[in-house]
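Enquirer: Just a sequence and a predicted model for now, questions to come.
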Amino acid sequence: MHFSAHLVPINIRKCFEILISGTHMIELENIEKSYGNTKVLKGINLEINKGEFISVMGSSGSGKSTLLNLVGGMDRPERGRIIIDGENITSYTDEELTLYRRKKVGFIFQFFNLLPNITVFENIMMPLLLNGSEDKKTGLEYIKRVGLEEKQNAYPYQLSGGEQQRVAISRALIHNPEIILADEPTGSLDSETEKKIMELIKQLVEETEKTVILVTHEHYIAEYAGRMLRIKDGIIF
Amino acid sequence: MNLSKLIKILVLRNIKEEKFLTFLSIIGIALGVGLFTGVKVASDRAISSFESNIKGTSSYANYEVLDISGIDFNEHVYRNVREIEENSFPLLKVFGYIPEIKEAININGIYTVKTIRFLNISTLADIDFENYYRQINGILITKKFSDKHSLKRGDLLKPLVYDKEFNLKIVDILDTDSLLSNTVVMDIGNFQEYFKKTGYLSGIDLDTNEKTIEQLKNILPSNLRVEKKEEIFKNQKALIASFRYNLQFVSLIAILVGIFLLYSTVFVSVVKRRTEIGILRSLGADKKTIILLFTIQGMVLGLIGSILGIVFGQFAAYFSVIAVEKTISTMYSTISISDYLITKSDVLTALTLGLVISLIASAVPSFESSKIRPNESSREGSFEGKYRKHQKYFFLVGVLIIFSGVILSYLDYTYTPFDFPFLAYLGILLIIAGFTFVSPFYLSIILKIIKRPMEIIFKAIGRITVGDIKGNIYRFSVALMTVAISSALIIALFTLIFSFRGSLKGWINKYITADVYIKPASCRSNYCFYPMSEEVINKVKSYSEVSGVDKFRALQLELFGRKVVAGFADIKVKREISGKRYYESEYDEVLKEMEGVEKVAGISDYLSLKYGFKKGDLIELGTPSGREAFRINDIFSSYSTTSGFVYLDRKWLKEYWGLDDATQISVYVKDGVDVDLFIDKLKERLLPEYSLEIMNNQELR
């Protein structure tokens, strides 16, 4: 069953949204977001096609992580609309947003965000478990893809930074989400590992045809994407 | 969602990892549940033992004819009772104590032919009745008692009964559930002859209706009354009710400490795992799942704690049963509780209690955990920060709750001191809840005060410590309350004990004044109602070392439908001899009045408080010759019974009760006599023939 089919009843407005969005996977319309008195995003407009790999480059505090959080349904904008695959997720309830994150999004974080008390294999399996599946075959397949089959029973603290990020990449992809959001995925890695990880991400997203938003403050990392954007003072260039 | 797998890897593994907190909360719950179970088992068994004692051998009877003073009465009355009600069963009862096995037995002399069929004995046809009737000391014991002490037919029991040791021969064993395990059955004829009780009965059980009871009342002599068994049980139960409630309240406080510990554990776990919760939320775990996971964590800890609590409860039950048995036997009436094993229903209650309290303890932190947003994982302190602004509001609410708690406790103390202290308990719980609300604000104030000295004394470490507590004020407040409640409980118990010791000391100095105390060794209570042999008293009086003997007689009296203990002492002896040593002039005047011709009596504080008696009021006491009014000339604290105590001169015992015997004696020796040597002499001369407890003043004190 298609995700949207059982969540929101099909209505005229939704049909209209699908018609105007065309092949866009992600559409941001005039997004504004503030933290306290500080306006972090000032009317962002952005369209990302299905299967497109884009990077958003900016310095610290420019609003790039906030943008990612909004697209990933982890936060809500004050103004504007976020349309994902034809659905306006800004009107979602908390439960619908949770389901959206569970089904449609894969996150890759700068500090890996692995669960510390469970094994590599269990970390990778977590999105499947949350989706009600215990398909070990898929888990093993993803572990192989990132070359960690020998460390599947290890705990995160027993892995190097690069290995931990490979676990995080597998976890982001295992439940076959349509969108991958990567927040400075190499920010805490050395340059050699950084390169390997970026190549792995690029290879995997190309193989699986995912729509990717990668935020970074490094130009050479941003170059892995098909389209590069810059964000400064809450505005995209 | 694959919940079982999530529980396995996110809950159980975390419990395993957090060893210290897990240990702490499991122990907390185990102690609470264990204490509660132990106390429950002990008080349940005590009540059931009470009930069985009252039902005695005749669970089918609904009324009982008794002497109003709690002593044996002339059997002639049975003939008249039987004429009105055929279903009447004469009975002689006495408690015996077997030092060898440290067990009290309830010896019942029954009209065997009439009563035995009601005992539901499965092997009735096989009982060796021939030997049972033929042997004067032949007894039947229960199978439970025989199994417990590996007793068989032909074995001898050597109980202390009244003031002598007797040999009872086990003729047969009764397989029945209708008797308490320590019940010993003897034919009433043999009982009367063997224990020298010929012509006496302790009671007559009746299976009858109210109309017949009215008829019976008309023919009964004034020293006898008919009581409904149900009423006797209700009164006995009420006697130990406060004892039971207080024990249970202490265990409830222990449970409360357990709740705080578990709450603290789950809360700390939630705070420590904020990042993890954030990650799970970002991966699509919904709020319900998060609540469920942390609730299950609390419930698992609660379950493990409860199981451990049941084991601990079994130990607690064993020791509580011993303590309760001893206390109730001393203060109220001899009971013997042989069954201290936890039943299936106790286990079920303990598990349910453990799970309910763990649900209560984990509910709030679990709900808090669900509020963690997926993007909140990187913002330390935001969890605590949300509540900081409510601190003053919480403080005000706390003060109001404490105030209500104090008022409720005071109202209970003032207006209903003898009923179930529902308001007082509620008040105490409110006070605890109030302090819980107040504690964050209180902690903040303390931190403000100690901040500067901490920085001066401990430099950077002091600053970090204060900052850490300030940043986690709610977590530290929970820890503070856990320690506060435990400490308050300990302080309250110590205050109670020391205050009790202080007033007890005063009481002892006033009343325990003789040099030597002698009572039947079988008497395990402070007051027994069967008399000592007159030969013993005369022998003691004849010794040259003795300057006086105060013959003390305890009796039961009825006051406003409740039984109270009356003590008749030889006031003249007491005043003349011990007055020189101990008394203040005021008390001497009280005793002088008692010694005189006016009918005066002293009463315990309990009676004064319960019925509003003041000095100078008249108190009407039921005697075999009718109700007699005595002027109250003394109100004193009594630590020997909690059912109320009336103190009178012996001359009234003879005049209104027709008795001149004693249940215990206080002996005063001449100046210069070595009391210990005199006691050795008494033991040497008296104990071969009589079973007596002989104590000196210090021992009794």
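Expert: Thanks, I have it.
Enquirer: Please name the nearest non-neighbouring residue to A:G161.
Expert: Spatially, and ignoring its direct neighbours in sequence, A:G161 is nearest to A:L189 (5.1 Å; C-beta to C-beta, 6 or more residues apart in numbering or on different chains). Any C-beta I mention is one placed from the backbone N, CA and C, and that applies to glycine too.
Enquirer: what stretches of the stretch 551-700 of chain B score poorly on pLDDT?
Expert: B:579-584, B:639, B:642, B:700 (pLDDT under 70).
Enquirer: all strands in it, in order from the N-terminus.
Expert: Listed in chain order, the strands of the stretch 551-700 of chain B (DSSP state E, counting those that start in this stretch) span B:562-569, B:600-604, B:618-623, B:626-636, B:645-649, B:664-669, B:692-696.
Enquirer: What of chain A?
Expert: Counting by DSSP state E, one finds strands in chain A at the ranges A:24-35, A:38-49, A:53-57, A:79-84, A:87-88, A:105-108, A:179-183, A:211-216, A:227-232, A:235-236.
Enquirer: so which of those strands comes closest to chain B?
Expert: strand A:105-108 (5.6 Å; C-beta to the nearest C-beta).
Enquirer: average pLDDT for the closest one?
Expert: Averaging pLDDT along strand A:105-108 yields 92.
Enquirer: rewinding a little: reformat the strands of chain A as CSV; add distance to B:Q664 and mean neighbour count.
Expert: Below are the strands of chain A laid out as CSV (distance: least, C-beta to C-beta, whole Å; neighbours: other C-beta atoms under 10 Å in any protein chain shown):
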stretch, distance to B:Q664, mean neighbour count
strand A:24-35, 84, 19
strand A:38-49, 88, 17
strand A:53-57, 97, 22
strand A:79-84, 92, 20
strand A:87-88, 92, 19
strand A:105-108, 85, 25
strand A:179-183, 88, 26
strand A:211-216, 93, 26
strand A:227-232, 97, 16
strand A:235-236, 100, 18
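Enquirer: In terms of mean pLDDT, which of those ranks lowest?
Expert: Going by mean pLDDT, the lowest-scoring of the strands of chain A is strand A:235-236, which has a mean of 88.
Enquirer: which other residues reach that strand?
Expert: A:K42, A:G43, A:I44, A:N45, A:L46, A:V56, A:L229, A:R230 (C-beta atoms under 8 Å, 6 or more residues apart in numbering or on different chains).
Enquirer: now do 7 Å
Expert: For strand A:235-236, contacts defined as C-beta atoms under 7 Å, 6 or more residues apart in numbering or on different chains pick out A:K42, A:I44, A:L46, A:L229.
Enquirer: residues from chain A in reach of chain B?
Expert: Residues of chain A lying close to chain B by C-beta under 7 Å from any C-beta of the partner chain are A:69, A:74-75, A:95, A:98-99, A:101-102, A:107, A:113, A:115, A:117-118, A:122, A:126-127, A:129-130, A:132, A:134.
Enquirer: between the strands of chain A, which gets nearest to A:E150?
Expert: strand A:105-108 (22.2 Å; C-beta to C-beta).
Enquirer: Which single residue in chain B comes nearest to chain A?
Expert: Chain B approaches chain A most closely through B:G284 (2.3 Å), counting by C-beta to the nearest C-beta.
Enquirer: Go ahead and confirm that residue touches A:K104.
Expert: No - with contact defined as C-beta atoms under 7 Å, B:G284 does not count as touching A:K104 (9.1 Å).
Enquirer: Neighbour count for those two, which is higher?
Expert: Counting neighbours by other C-beta atoms under 10 Å in any protein chain shown for B:G284 and for A:K104 shows that B:G284 has the greater number, 26 against 23.
Enquirer: part of a strand, is the more buried one?
Expert: No - B:G284: not assigned to a strand; according to DSSP: H, G, I helix; E, B strand; the rest coil it is coil.
Enquirer: List phi and psi for it.
Expert: phi 110, psi 10 (degrees, to the nearest 10).
Enquirer: quick check, the strand or helix carrying B:F267 touching chain A?
Expert: According to DSSP states H and E, B:F267 maps onto helix B:229-272. No - using C-beta under 7 Å from any C-beta, helix B:229-272 never reaches chain A; the gap is at least 10.5 Å.
Enquirer: between that helix and strand B:562-569, what angle do the directions make?
Expert: On the basis of axes from the mean of the first three to the mean of the last three C-alpha atoms, to 10 degrees, helix B:229-272 is oriented at 110 degrees to strand B:562-569.
Enquirer: give the contact list for the nearest residue to A:I201 once chain neighbours are set aside.
Expert: Among residues not flanking A:I201 along the chain, A:I169 sits closest, at 6.1 Å (C-beta to C-beta, 6+ apart). Applying C-beta under 7 Å, 6+ apart to A:I169 gives the contacts A:I108, A:V146, A:L200, A:I201, A:L204.
Enquirer: try it again with 10 Å
Expert: For A:I169, the contact set (C-beta atoms under 10 Å, 6 or more residues apart in numbering or on different chains) comprises A:106, A:108, A:112, A:124, A:142, A:145-146, A:180, A:182, A:185, A:197, A:200-201, A:204-205.
Enquirer: and it, how far is that from chain B?
Expert: Separation of A:I169 from chain B (C-beta to the nearest C-beta, to the nearest Å) stands at 14 Å.
Enquirer: Report the central residue of chain A.
Expert: Taking C-alpha atoms, centre = their mean as the criterion, A:L181 is the residue nearest the geometric centre of chain A, at 1.8 Å.
Enquirer: My read is that that residue contacts A:I201, right?
Expert: No - counting by C-beta atoms under 10 Å, A:L181 sits too far from A:I201 to count as a contact (11.6 Å).
Enquirer: Which among the strands of the stretch 551-700 of chain B is found nearest to B:I508?
Expert: That would be strand B:626-636 among the strands of the stretch 551-700 of chain B, by C-beta to C-beta, at 12.2 Å.
Enquirer: which other helices and strands contact that closest one?
Expert: Helices and strands touching strand B:626-636, by 3 or more C-beta pairs under 10 Å, 6 or more residues apart in numbering or on different chains; DSSP states H and E, are helix B:473-511, helix B:585-595, strand B:600-604, helix B:605-611, strand B:618-623, strand B:645-649.
Enquirer: That strand pairs with which strands, parallel or anti?
Expert: Applying DSSP bridges, strand B:626-636 is found paired with strand B:600-604 (parallel), strand B:618-623 (antiparallel).
Enquirer: With distance to B:V81 and mean neighbour count as added columns, please give those in TSV.
Expert: Listed next are these as TSV, based on distance: least, C-beta to C-beta, whole Å; neighbours: other C-beta under 10 Å:
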stretch	distance to B:V81	mean neighbour count
strand B:600-604	33	23
strand B:618-623	20	17
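Enquirer: of those strands, which approaches B:G138 most closely?
Expert: strand B:618-623 (38.3 Å).
Enquirer: the inter-axis angle of the closest one versus strand B:645-649?
Expert: 80 degrees.
Enquirer: could you dump stretch A:76-93 to PDB, C-alpha only?
Expert: Taking Å, rounded to 0.1, in the frame of the first residue of the first chain, the C-alpha atoms of stretch A:76-93 are listed here in PDB:
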ATOM      1  CA  ARG A  76       7.800  22.300  12.000                       C
ATOM      2  CA  PRO A  77       8.200  25.600  10.100                       C
ATOM      3  CA  GLU A  78       6.400  28.700  11.300                       C
ATOM      4  CA  ARG A  79       5.400  29.600   7.800                       C
ATOM      5  CA  GLY A  80       5.300  28.000   4.400                       C
ATOM      6  CA  ARG A  81       4.700  24.500   3.100                       C
ATOM      7  CA  ILE A  82       6.800  21.400   2.700                       C
ATOM      8  CA  ILE A  83       5.500  19.100   0.000                       C
ATOM      9  CA  ILE A  84       6.900  15.600  -0.100                       C
ATOM     10  CA  ASP A  85       5.900  13.400  -3.000                       C
ATOM     11  CA  GLY A  86       2.800  15.600  -3.500                       C
ATOM     12  CA  GLU A  87       1.800  15.700   0.200                       C
ATOM     13  CA  ASN A  88       1.900  18.700   2.400                       C
ATOM     14  CA  ILE A  89       3.700  17.400   5.500                       C
ATOM     15  CA  THR A  90       3.400  20.800   7.400                       C
ATOM     16  CA  SER A  91      -0.300  19.900   8.000                       C
ATOM     17  CA  TYR A  92       0.600  16.500   9.400                       C
ATOM     18  CA  THR A  93      -0.200  15.600  13.000                       C
END
